[in-house]
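> Okay, structure incoming, though there's no sequence with it:
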């Protein structure tokens, strides 16, 4: 294997966690910034949290390591806008 290609390999990186609704909104913002985003829903009870035992499921958004810094800026802008 070529070590150069291994070092340049893209990897998924988590940039956001939140409710299913928040993840949908942030995914839309990322895609508007031309960043491909993947949402990983927390499993059973994500859309109906009253149907789970214990804590609320963790929903996550991941982007390519290549887009991580740009995506982080979009997420930071989202948090600033939510502060009001």
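On my side now, so go ahead. Because the structure is predicted, anything quoted here is derived from the model rather than measured.

> what distance separates the start and the end of stretch 25-38?
Start and end residues of stretch 25-38 are separated by 12 Å (CA to CA, to the nearest Å).

> What is the burial count for residue 42?
19 (other CB atoms under 10 Å). Heads up, the C-betas are built off the backbone N, CA and C, glycines and all.

> Surely it touches residue 61?
No: if you go by CB atoms under 8 Å, residue 42 and residue 61 don't touch, sitting 12.0 Å apart.

> what does the average pLDDT come to for the helix ranked longest in the chain?
Longest helix in the chain, counting residues (DSSP state H): helix 68-83. Averaging pLDDT along helix 68-83 yields 97.

> In three-state terms, label the residue nearest the centre of the chain for me.
The chain has residue 61 as the residue nearest its centroid, 1.5 Å off, counting by CA atoms, centre = their mean. Of the three states, residue 61 takes strand under DSSP: H, G, I helix; E, B strand; the rest coil.

> And for it, nearest residue in space, chain neighbours not counted?
Leaving out its chain neighbours, the residue that sits closest to residue 61 by CB to CB, 6 or more residues apart in numbering is residue 16, at 4.2 Å.
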